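# Fold the following for me, if possible:
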Amino acid sequence: MEINKIKEYAKKNNVPIMMDEGLQFILEYIKNNEVLNILELGTAIGYSSICMANLNKNIKVTTLEIDYDRYKVALENINQAGLASQIEPFNINIDDYETNEYFDLIFVDAAKSQYGKYLERFTKNLSINGCMIFDNLMFHGIVDNLSLTRSRSTRQLCEKIFKFRESLIENTKYNVNYYENIGDGIAVVSVKN
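Alright, predicted model coming up:
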(Lines give C-alpha, C1' and ligand atoms only; values in the text may rest on other atoms or scores of the structure.)
Protein backbone atom coordinates (compact mmCIF):
# COMPACT_ATOMS: atom_id res chain seq x y z
CA MET A 1 0.00 0.00 0.00
CA GLU A 2 1.38 3.36 -0.98
CA ILE A 3 1.62 6.12 1.58
CA ASN A 4 0.81 8.56 -1.23
CA LYS A 5 -2.68 7.08 -1.49
CA ILE A 6 -3.28 7.97 2.15
CA LYS A 7 -2.02 11.49 1.49
CA GLU A 8 -4.34 11.81 -1.51
CA TYR A 9 -7.30 10.58 0.54
CA ALA A 10 -6.47 13.10 3.29
CA LYS A 11 -6.32 15.97 0.81
CA LYS A 12 -9.51 14.94 -0.96
CA ASN A 13 -11.44 14.47 2.30
CA ASN A 14 -10.01 17.44 4.26
CA VAL A 15 -8.33 15.22 6.86
CA PRO A 16 -5.46 17.10 8.48
CA ILE A 17 -2.21 15.13 8.34
CA MET A 18 1.34 16.19 9.14
CA MET A 19 3.26 18.42 6.79
CA ASP A 20 6.12 16.55 5.07
CA GLU A 21 8.86 18.57 6.76
CA GLY A 22 7.40 18.08 10.24
CA LEU A 23 6.93 14.36 9.66
CA GLN A 24 10.51 14.04 8.38
CA PHE A 25 11.73 15.77 11.56
CA ILE A 26 9.87 13.27 13.77
CA LEU A 27 11.07 10.26 11.76
CA GLU A 28 14.67 11.48 12.10
CA TYR A 29 14.14 12.00 15.83
CA ILE A 30 12.84 8.42 16.17
CA LYS A 31 15.85 7.01 14.28
CA ASN A 32 18.45 9.12 16.10
CA ASN A 33 17.04 8.42 19.57
CA GLU A 34 16.26 4.70 19.20
CA VAL A 35 12.57 5.28 19.93
CA LEU A 36 10.64 1.99 20.04
CA ASN A 37 7.48 2.64 22.07
CA ILE A 38 5.25 5.48 20.86
CA LEU A 39 1.93 6.91 22.02
CA GLU A 40 0.19 9.05 19.42
CA LEU A 41 -2.62 11.36 20.47
CA GLY A 42 -4.67 11.87 17.32
CA THR A 43 -4.58 9.03 14.77
CA ALA A 44 -6.68 10.67 12.06
CA ILE A 45 -6.40 8.10 9.22
CA GLY A 46 -3.16 6.44 10.37
CA TYR A 47 -0.74 8.36 8.14
CA SER A 48 1.90 9.34 10.72
CA SER A 49 1.66 6.11 12.75
CA ILE A 50 2.22 4.07 9.56
CA CYS A 51 5.24 6.21 8.66
CA MET A 52 6.66 5.79 12.19
CA ALA A 53 6.08 2.01 12.34
CA ASN A 54 7.63 1.58 8.89
CA LEU A 55 11.00 2.77 10.25
CA ASN A 56 11.69 -0.36 12.27
CA LYS A 57 9.83 -3.64 12.79
CA ASN A 58 10.44 -3.30 16.56
CA ILE A 59 8.55 -0.01 16.83
CA LYS A 60 5.19 -0.25 18.58
CA VAL A 61 2.66 2.57 18.19
CA THR A 62 -0.39 2.99 20.40
CA THR A 63 -2.64 5.58 18.77
CA LEU A 64 -5.87 7.23 19.92
CA GLU A 65 -8.65 8.67 17.74
CA ILE A 66 -12.04 9.93 18.91
CA ASP A 67 -13.68 10.14 15.46
CA TYR A 68 -15.12 6.73 14.58
CA ASP A 69 -15.11 7.24 10.80
CA ARG A 70 -11.44 8.28 10.79
CA TYR A 71 -10.60 5.42 13.14
CA LYS A 72 -12.21 2.94 10.69
CA VAL A 73 -10.19 4.37 7.78
CA ALA A 74 -7.04 4.23 9.93
CA LEU A 75 -7.69 0.56 10.78
CA GLU A 76 -8.08 -0.25 7.10
CA ASN A 77 -4.89 1.65 6.19
CA ILE A 78 -2.91 -0.03 8.99
CA ASN A 79 -4.11 -3.49 7.89
CA GLN A 80 -3.34 -2.78 4.23
CA ALA A 81 0.14 -1.63 5.23
CA GLY A 82 0.68 -4.95 7.03
CA LEU A 83 1.36 -3.15 10.32
CA ALA A 84 -1.46 -4.47 12.53
CA SER A 85 1.09 -6.21 14.78
CA GLN A 86 2.94 -2.92 15.36
CA ILE A 87 0.16 -0.33 15.52
CA GLU A 88 -2.65 -0.56 18.05
CA PRO A 89 -5.36 2.02 17.36
CA PHE A 90 -8.07 2.88 19.88
CA ASN A 91 -11.34 4.64 19.09
CA ILE A 92 -11.44 6.60 22.33
CA ASN A 93 -11.54 10.08 23.79
CA ILE A 94 -8.01 10.89 24.99
CA ASP A 95 -9.50 11.94 28.35
CA ASP A 96 -10.79 8.39 28.84
CA TYR A 97 -7.51 6.63 28.01
CA GLU A 98 -5.67 5.17 31.00
CA THR A 99 -2.29 3.43 30.90
CA ASN A 100 0.64 2.65 33.18
CA GLU A 101 2.87 2.05 30.18
CA TYR A 102 6.01 4.12 29.50
CA PHE A 103 6.73 5.60 26.09
CA ASP A 104 9.93 6.81 24.44
CA LEU A 105 7.86 9.30 22.47
CA ILE A 106 4.41 10.77 22.94
CA PHE A 107 3.40 12.52 19.74
CA VAL A 108 0.61 15.06 20.24
CA ASP A 109 -1.41 16.03 17.19
CA ALA A 110 -4.94 16.12 18.61
CA ALA A 111 -7.17 18.94 19.93
CA LYS A 112 -4.81 21.94 19.99
CA SER A 113 -6.77 23.68 22.75
CA GLN A 114 -6.06 20.68 25.03
CA TYR A 115 -2.26 20.62 24.62
CA GLY A 116 -1.61 21.93 28.14
CA LYS A 117 -3.84 19.26 29.64
CA TYR A 118 -2.15 16.52 27.60
CA LEU A 119 1.28 17.71 28.73
CA GLU A 120 0.32 17.56 32.41
CA ARG A 121 -1.50 14.26 32.05
CA PHE A 122 0.99 12.20 30.06
CA THR A 123 4.46 13.25 31.25
CA LYS A 124 4.16 10.51 33.90
CA ASN A 125 4.10 8.03 31.00
CA LEU A 126 7.46 9.10 29.56
CA SER A 127 10.35 6.66 29.77
CA ILE A 128 13.59 7.96 31.32
CA ASN A 129 14.83 9.63 28.12
CA GLY A 130 11.36 10.02 26.62
CA CYS A 131 9.90 13.17 25.16
CA MET A 132 6.64 14.65 23.94
CA ILE A 133 6.48 16.25 20.51
CA PHE A 134 3.75 18.80 19.82
CA ASP A 135 2.77 19.74 16.26
CA ASN A 136 0.91 22.79 14.85
CA LEU A 137 2.32 25.40 17.22
CA MET A 138 2.29 27.97 14.41
CA PHE A 139 -1.11 26.92 13.03
CA HIS A 140 -0.30 28.05 9.49
CA GLY A 141 1.27 31.27 10.78
CA ILE A 142 -1.98 32.45 12.38
CA VAL A 143 -0.72 32.03 15.97
CA ASP A 144 1.77 34.86 15.44
CA ASN A 145 -0.44 36.88 13.08
CA LEU A 146 -4.13 36.75 14.00
CA SER A 147 -4.97 39.05 11.10
CA LEU A 148 -4.53 36.03 8.79
CA THR A 149 -8.00 34.81 9.79
CA ARG A 150 -11.43 36.35 10.12
CA SER A 151 -12.81 33.33 11.96
CA ARG A 152 -13.49 34.06 15.61
CA SER A 153 -13.13 30.38 16.59
CA THR A 154 -9.79 30.06 14.74
CA ARG A 155 -8.59 33.24 16.43
CA GLN A 156 -9.58 31.89 19.87
CA LEU A 157 -7.87 28.57 19.15
CA CYS A 158 -4.68 30.34 18.05
CA GLU A 159 -4.71 32.47 21.20
CA LYS A 160 -4.83 29.22 23.24
CA ILE A 161 -1.98 27.73 21.20
CA PHE A 162 0.05 30.92 21.75
CA LYS A 163 -0.53 30.78 25.53
CA PHE A 164 0.41 27.10 25.62
CA ARG A 165 3.55 27.68 23.56
CA GLU A 166 4.70 30.62 25.70
CA SER A 167 3.97 28.87 29.01
CA LEU A 168 5.80 25.78 27.73
CA ILE A 169 8.92 27.76 26.82
CA GLU A 170 8.90 29.56 30.18
CA ASN A 171 8.20 26.44 32.29
CA THR A 172 11.25 25.43 34.32
CA LYS A 173 10.05 21.80 34.74
CA TYR A 174 10.79 20.99 31.10
CA ASN A 175 13.56 21.01 28.55
CA VAL A 176 11.95 22.56 25.47
CA ASN A 177 13.30 22.81 21.94
CA TYR A 178 10.95 24.83 19.76
CA TYR A 179 11.31 24.76 15.98
CA GLU A 180 9.03 27.37 14.48
CA ASN A 181 10.40 26.88 10.97
CA ILE A 182 9.89 23.11 10.80
CA GLY A 183 6.54 21.95 9.48
CA ASP A 184 3.79 23.90 11.21
CA GLY A 185 5.84 24.63 14.33
CA ILE A 186 7.11 21.75 16.47
CA ALA A 187 8.19 21.56 20.12
CA VAL A 188 10.21 18.70 21.60
CA VAL A 189 9.60 18.53 25.35
CA SER A 190 11.23 16.40 28.03
CA VAL A 191 11.04 16.48 31.81
CA LYS A 192 14.12 17.91 33.54
CA ASN A 193 15.84 15.33 35.76
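
# what's Gln114 in contact with, if anything?
Contact analysis of Gln114 by C-beta atoms under 8 Å, 6 or more residues apart in numbering lists Ile94. Where C-beta positions appear, they are placed from N, C-alpha and C, glycine not excepted.

# mind checking the SS state of it?
Assigned by DSSP: H, G, I helix; E, B strand; the rest coil, the conformation of Gln114 is helix.

# Name the helix or strand for Ile128, please.
strand 126-134 (DSSP states H and E).

# And the contacts of that strand?
Outside strand 126-134, the residues touching it (C-beta under 8 Å, 6+ apart) are 26, 29, 33, 37, 102-109, 115, 118-119, 122-123, 168, 186-191.

# So which residues of this protein form helices?
3-12, 20-32, 47-53, 68-80, 115-122, 152-170 (DSSP state H).

# and Asn145, which of those helices is closest to it?
helix 152-170 (9.1 Å; C-beta to C-beta).

# and that closest one, what does it pack onto?
Contacts defined by 3 or more C-beta pairs under 8 Å, 6 or more residues apart in numbering; DSSP states H and E place helix 152-170 against helix 115-122, strand 174-179, strand 186-191.

# still on that earlier bit, the helices of the chain: which one's closest to His140?
Closest approach to His140 among these (C-beta to C-beta): helix 152-170, 9.2 Å.

# List the buried residues of that closest one.
By neighbour count on 16 or more other C-beta atoms under 10 Å, the buried set for helix 152-170 is 157-158, 160-162, 164-165, 168.

# List of residues touching that helix?
Contacts for helix 152-170 (C-beta under 8 Å, 6+ apart): 112-113, 115-116, 119, 134, 136-137, 139, 142-144, 146, 149, 174, 176, 178, 185, 187, 189.

# Can you give me the distance of the closest residue to Asn56 other than its chain neighbours to Gly130?
Nearest residue to Asn56, sequence neighbours excluded (C-beta to C-beta, 6 or more residues apart in numbering): Leu36, at 7.3 Å. To Gly130, Leu36 is 11 Å away according to C-beta to C-beta, to the nearest Å.
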